[in-house]
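Student: what shape does this take:
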Amino acid sequence: MEPQMQGPMVLPEMLRQRPKKSWLMPAGAGLAIGTVLGVAIGFSVAGGSSGSGNALSDAQNGSALSQGVIDQAVETCGIDPEGYNVLDDGAAIELDTEGEDYLDSGTSNLIAYYCMLNELGVPEVTQQKMGRTRALDGTQSDTWDSLQASWSYHPDTGVNVLIEEAK
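Tutor: Numbers count the residues shown, from 1 in each chain. Down below sits the predicted model:
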């Protein structure tokens, strides 16, 4: 006896294909980004807890930025040249992280970026505010000692931070 098939015959090409798991790629990317940020934040917290170990407090005891302070921070952290821009002869510095846009410049080394924030004396609470900024929030700012920072974030352009003397 030959088995009987019930229903109409369907060609294999017409069978419904298994739906693609479109969530795998974003989930994997999110996991990778979260891991990198977790390591970078852990590094910044560990590096920021050493007391007066940052270039700003060592060089000028909490006073304004200078070219020497910035040079020391760059040497200590090893940040890429595209990750920072010195302005007004060392009176200000701009830090830039790489975004998702293929034309965007900036550093992809988040450990060096967080190291720079620590070396320049940016308080942990300000760093937390930076990390919580969304693209919809626009430009944010904070002031401490004699310095102020303003920053913005967008996935395409990354984080852009300007640190300068408080006005």
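Student: low-confidence ranges, this structure, go.
Tutor: 1-5, 7-32, 34-63 (pLDDT under 70).
Student: any idea where the strands of it begin and end?
Tutor: In the chain, the strands defined using DSSP state E lie at 84-87, 92-96, 140-144, 147-154, 158-165.
Student: out of those strands, which gets nearest to residue 130?
Tutor: Evaluated with C-beta to C-beta, the strands of the chain place strand 147-154 nearest to residue 130, the distance being 5.3 Å. The C-beta positions use only the backbone N, C-alpha and C, and glycine is treated the same way.
Student: now do the closest one and strand 92-96, the angle between them.
Tutor: Following axes from the mean of the first three to the mean of the last three C-alpha atoms, to 10 degrees, one obtains 20 degrees for the angle between strand 147-154 and strand 92-96.
Student: just send the strands of the chain back as a markdown table, with distance to residue 76 and mean neighbour count too.
Tutor: Formatted as a markdown table, these follow (distance: least, C-beta to C-beta, whole Å; neighbours: other C-beta atoms under 10 Å):
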| stretch | distance to residue 76 | mean neighbour count |
| --- | --- | --- |
| strand 84-87 | 13 | 17 |
| strand 92-96 | 14 | 21 |
| strand 140-144 | 20 | 14 |
| strand 147-154 | 18 | 19 |
| strand 158-165 | 16 | 20 |
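Student: out of the ones you listed, which comes closest to residue 68?
Tutor: strand 84-87 (11.3 Å).
Student: what's that closest one packed up against?
Tutor: helix 67-77, strand 92-96 (3 or more C-beta pairs under 8 Å, 6 or more residues apart in numbering; DSSP states H and E).
Student: same list (those) but as JSON lines, adding distance to residue 150.
Tutor: Output for the helices and strands packed on strand 84-87, formatted as JSON lines (distance: least, C-beta to C-beta, whole Å):
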{"stretch": "helix 67-77", "distance to residue 150": "17"}
{"stretch": "strand 92-96", "distance to residue 150": "10"}
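Student: and the ones you listed: which comes nearest residue 83?
Tutor: Set against residue 83 and scored by C-beta to C-beta, the helices and strands packed on strand 84-87 come closest in strand 92-96, at 5.9 Å.
Student: by contact count, what packs against the closest one?
Tutor: Applying 3+ C-beta pairs under 8 Å, 6+ apart, we find strand 92-96 packed against strand 84-87, helix 110-119, strand 158-165.
Student: quick one, what contacts the closest residue to residue 85 other than its chain neighbours?
Tutor: Using C-beta to C-beta, 6 or more residues apart in numbering and skipping the chain neighbours, the partner closest in space to residue 85 is residue 94 (4.4 Å). When contacts are counted by C-beta atoms under 8 Å, 6 or more residues apart in numbering, residue 94 touches 84, 85, 87, 160, 161, 162, 163.
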